[in-house]
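Novice: sequence first, then the predicted structure:
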Amino acid sequence: MNPALSTGFAHQPSASFPKALPVFGFIVTMLSLAVLALLVFPMMGILRDAFVINGRLDLSAFSRAVADADVLTAIRNTVVMVASSGAQALVVGGGLAWLNERTDARMAWTSSYLPLIPLLVPSLASVIGWVMLAAPQAGLLNVIARWALSAVGVEQASGPLNIYSWPGMVYVLVLYFVPYAFLLVSAALQNLDPRLEEASRVHGAGPFRTALRVTLPAVAPSIGAAAMLMVITGFAIFSVPIVIGTGAHIDTMAVRIYRLLFTYGDINGTGVAIVLSLVLLAIVQCALFAQLALTSRGQHAVIAGKGSAGSCNRLGRWRWAAKSVVVMYVVLSTVLPILGLVLVSLQGFWSPHIAWERLGFANYRSILFTNSQAGVALGNTLLLAAATATVVIMVAAVFSTYYAQTTPRLRKWSELVMTVPGAIPHTVIAVGFIIVFSRGVLNLQGSLLLLGLAYLVISLPQGQRAASAAYDQVGRELSEASRVCGASLARTFLRVVFPLMTPSLIVGWVIVFVQVVGELTASAMLSGTTNPVAGFILLNLWENGSFPQVAALALVITAIDFVVVLGVLRTARNRTQRKEAS
Amino acid sequence: MAQAQLHIVAPDPCRNDAAATNGRPSRALAVRVRGLCKSFNSAHGPVRVLDQVDLDIELSERLVLLGPSGCGKTTLLRCIAGLEVPDAGEVEIDGKLVFSAARGIALPPERRGLSMVFQSYALWPHKTAAQNIAYPLENRKVDKSEIARRVQEVLALVGCDGLGGRYPSQLSGGQQQRIALARAVVGSDSLVLFDEPLSNVDAKVRESLRIELIALQKRLRFAAVYVTHDQVEATAIAHRMAVMRAGRFAQLGSPREIYDEPASSYVAEFTGISNRLKGRVIAQSPGKTVVSTSIGNLESSVAGECTTGQEVEVLLRPECLQLRAERDTQGNAWLTRIESTMFLGGQTEYALSGPDGYLLARQSGSAALDEDATVWVTIQPRHVKVFPAEAP
């Protein structure tokens, strides 16, 4: 029977029945409309600002954008950047997933640790970390490399590595994308019935032939979905191109929009920025639809599975090589950039010649105590992150439980509204917020509320995903059993549904919290001196060249993420374990 | 023989005469259902799952709803529970109107004063066994000390003393089902609904749980509505059973009645008659109907109304086919070859070759006849069930 068809009590097929829980329903409807307004008004604001001039439709912004050579370059650069880094990340991430799921090079901690890397280390921290390591003159790796080269008689003033270049930017992006590919492909491999591969082996194909001819086609939809996910995040990514692209004189779409709005101060720039935002939005929406189509097709490949452990290919002496690839990724993506940040953050100023006896914590003192702006920003960020995570998760939990009781169509719509912001680049959301919330009664410019609302919209998809997963996990019969045992709908929610959803909701809370702490794009565009947040300060310090302080602040943020993620997840796990273990 | 036995058990206390329950019931009923209809929307338009269902369930009666998946049995149960809202009709529980489409009454499940055992047990994983059992009492604002006492009492009743402090994940499937049962009876409701409660436990546990369930019902005297697709389970448990088909009752009666006098070939097949032959009526006289089939002419003394020349279906119960080396003088008899024998412990099944596939015969005891032996098959005319052929 279709579970969506058998409803709880809130759905009354006939108009003659009284509506169940009218108050609750009213509150949820009002909340839904508020969320919808936060999405619709900024988008409408964007369109009106760009194309309605003096009350008349004016499409000249389009022609101005097309005529702007820099805009076309930015679009081309973004395409090249996403395509090259995405393709490499698919190979690396997919390969790692195969090694971990299908060979004896698997390591228990990889599958749980790899997906957490982007959570634990904010992208900006690892980008800046790599700049500290591989900047042409003062990069620490370059210093070491030049020292080694001079030993064999080769003297260089700079290099050999240069992070401020196409290869440098693509390389950092590959590191950033690998967990996405790894996560999706290994999930597909876990769900793929290993008997398909065993059948291929039995019928005479070797392990690599099997991987290419059987496994690869079966997980192709997931690989496609991972590629689309990279398009969605890659086109909108801001942190990597603003740091590396600026130094390498490579402009991308997201950065161009930011520059048009904030750096150049050209009145015509706003229109062009909006047109560029719309192009970005269109590309990302197409990728989202492609991804949805691929995931629904991908279900064909998902066969029962899980029943037996996947077939395990023995790699022999290659096993250690394979294992070292995994370790290498962790070193490159996490350990090295953090080491780079630590070394630079302890110096008075960033120099290729480290004065070991002068290292100290002055930068941390400055960030946390002396530089009042930075201290306030950190406090604001923590407050906003905690508040946003709490509000988003609560709203999503209420929505997913309420709409599950209504008609399937209403449920689908509510889910759609919640997921749409996932495919709106943060740049575009910020542009919309600037337009709508800068005038009249709605003037929120320079307030924390403005940032909070933007973060709320940005985090809706994560919240929705966590809450609906949590709700689906509870199972219909568990709440029905409570109703039959004499508990009302409200009591059932409080005593049964909500407690059972809590572990998943906590994970969702952590994801939203970390995303808001590491958020850079909307922060850079909506924050100011009256409402500073960490991302804004980080960018300011970077553009002013206060590199040691940047490093210190990035590390402080990383440390906060570490403590919150590990702390909260650990308490949540302990609580559930106490119930499961005897 | 069948008729004689029927009269011995009669008058059946649970026998339900439609005439007696017309209008307001004169006696107390556990459940009274009238004209219940329910449709679901599917991709191919609305599907009628319940079609004008009437049902009376006596106090302390065990009523089983039997049928294949999709026949509406679970939907009927859920409509009684209030988990599903019917499109039309009325439901009364203990004389209280809990649902009436015409009068706009639809009480939620928590106000119907019943309890239910779910297929998946539906024990809440964040509560211990004792907390699970205590929940219905907490909802009724029973005293804490009274709750503790009742929980211990019920735990003992289902044979789970000492398991109260465990979480569901620390219990075996059988223990989980016992706790679910305890939760259903702790509130002493006069009606308990069972939604295929034993389909998730293994065969051995299922049999002992079935016996315990009947004992528990006898002791606590609640009315039980029990949904299953297992014919053996249904006949073992039921005072009365309803065989459902496409949202209607194909037959409602005691297991004995349904076994002996199936109302249609659907009911007959669903209650374990696996030999089915196509035929045509060639002669007809009172108490005697002759049907021509692929294995020859068969005489039936229990055929309903048929006319000569009518297309019919003949159903033969495997245990009614007698195998003899010599021809029996009475009844229908034909010569056949034993294709294979299957020793099943207490009985043996023989596959007999026929012109259209195999016929199955079941005899008690171990195999007395060899494979490939040629034997006489006999069946008494009173065991030859004849039904009008159904449109395909």
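Specialist: Here it is on my side, so go on. Residues are numbered from 1 along each chain as shown, chains lettered A, B, ... in the order given.
Novice: tell me the helices and strands packed up against the longest helix seen in chain B.
Specialist: Assignment by DSSP state H gives helix B:203-220 as the longest helix of chain B. Helices and strands touching helix B:203-220, by 3 or more C-beta pairs under 8 Å, 6 or more residues apart in numbering or on different chains; DSSP states H and E, are helix B:173-185, helix B:231-237. C-beta: built from backbone N, CA, C; applies to glycine.
Novice: what's the most buried one of these?
Specialist: Across these, averaging neighbours per residue (mean count of other C-beta atoms under 10 Å in any protein chain shown) puts helix B:173-185 on top, at a mean of 24.
Novice: anything in that helix near chain A?
Specialist: Yes - against chain A, helix B:173-185 shows contacts by C-beta under 8 Å from any C-beta of the partner chain at residue B:183.
Novice: and the residue most central in space within chain A, how far from residue B:168?
Specialist: Relative to the mean C-alpha position of chain A, the nearest C-alpha, by C-alpha atoms, centre = their mean, is the one of residue A:515, at 6.5 Å. For residue A:515, the distance to residue B:168 (C-beta to C-beta, to the nearest Å) stands at 35 Å.
Novice: go on, residue B:28?
Specialist: From residue B:28 to residue B:168 the distance is 36 Å (C-beta to C-beta).
Novice: which of the two has more neighbours?
Specialist: residue B:168 (21 against 11; other C-beta atoms under 10 Å in any protein chain shown).
Novice: hmm, residue B:122 and the more buried one touching each other?
Specialist: No - using C-beta atoms under 8 Å as the test, residue B:168 is too far from residue B:122 to be in contact (9.7 Å).
Novice: residues contacting residue B:264?
Specialist: For residue B:264, the contacting residues are B:250-251, B:387, by C-beta atoms under 8 Å, 6 or more residues apart in numbering or on different chains.
Novice: for it, give me phi and psi.
Specialist: Reported as degrees, to the nearest 10, the phi and psi values for residue B:264 are phi -150, psi 170.
Novice: skip the chain neighbours and tell me the closest residue to residue A:318.
Specialist: Excluding the flanking residues, the one nearest residue A:318 by C-beta to C-beta, 6 or more residues apart in numbering or on different chains is residue A:105, at 8.0 Å.
Novice: doesn't residue B:276 lie inside a helix?
Specialist: No - under DSSP: H, G, I helix; E, B strand; the rest coil, residue B:276 sits outside any helix and is assigned strand.
Novice: quick check: chain neighbours aside, which residue is closest to it?
Specialist: residue B:315 (5.5 Å).
Novice: now the element after the longest helix of chain B, going C-ward?
Specialist: strand B:223-228 (DSSP states H and E).
Novice: wait, residue B:251 touches residue B:244, no?
Specialist: No - applying C-beta under 8 Å as the test, residue B:251 and residue B:244 come out as separate, 9.3 Å apart.
Novice: between the two, who's got more neighbours?
Specialist: More crowded of residue B:251 and residue B:244, by other C-beta under 10 Å: residue B:244, with 26 against 21.
Novice: so what's that one bridging to?
Specialist: Residues in a beta bridge with residue B:244, per DSSP bridges, are residue B:249.
Novice: so it touches residue B:67, yeah?
Specialist: Yes - with contact defined as C-beta under 8 Å, residue B:244 and residue B:67 form a contacting pair (3.6 Å).
Novice: mutual contacts of those two, please.
Specialist: Common neighbours of residue B:244 and residue B:67 (C-beta under 8 Å, 6+ apart) are B:73, B:250.
Novice: how many neighbours does residue A:62 have?
Specialist: 16.
Novice: in what helix or strand does it lie?
Specialist: Here residue A:62 is assigned to helix A:60-67, by DSSP H and E.
Novice: the inter-axis angle of the helix or strand just after that helix versus helix A:60-67?
Specialist: Counting by DSSP H and E, the element after helix A:60-67 in chain order, helix or strand, is helix A:69-102. Put simply, helix A:69-102 runs at 80 degrees to helix A:60-67, going by axes from the mean of the first three to the mean of the last three C-alpha atoms, to 10 degrees.
Novice: for helix A:69-102, the averaged confidence score.
Specialist: The average of the pLDDT scores along helix A:69-102 is 87.
Novice: and for stretch B:116-136?
Specialist: Stretch B:116-136 comes out at a mean pLDDT of 89.
Novice: now that stretch, how far from the centre of its chain.
Specialist: Counting by C-alpha atoms, centre = their mean, to the nearest Å, stretch B:116-136 is centred 26 Å from the centre of its parent chain.
Novice: so the residue nearest to residue B:276: helix, strand or coil?
Specialist: Going by three-state DSSP: residue B:315 is strand.
Novice: just the pLDDT for it.
Specialist: For residue B:315, pLDDT reads 88.
Novice: looking at it, it is touching residue B:268, isn't it?
Specialist: Yes - at 4.7 Å, residue B:315 counts as touching residue B:268 under the criterion of C-beta under 8 Å.
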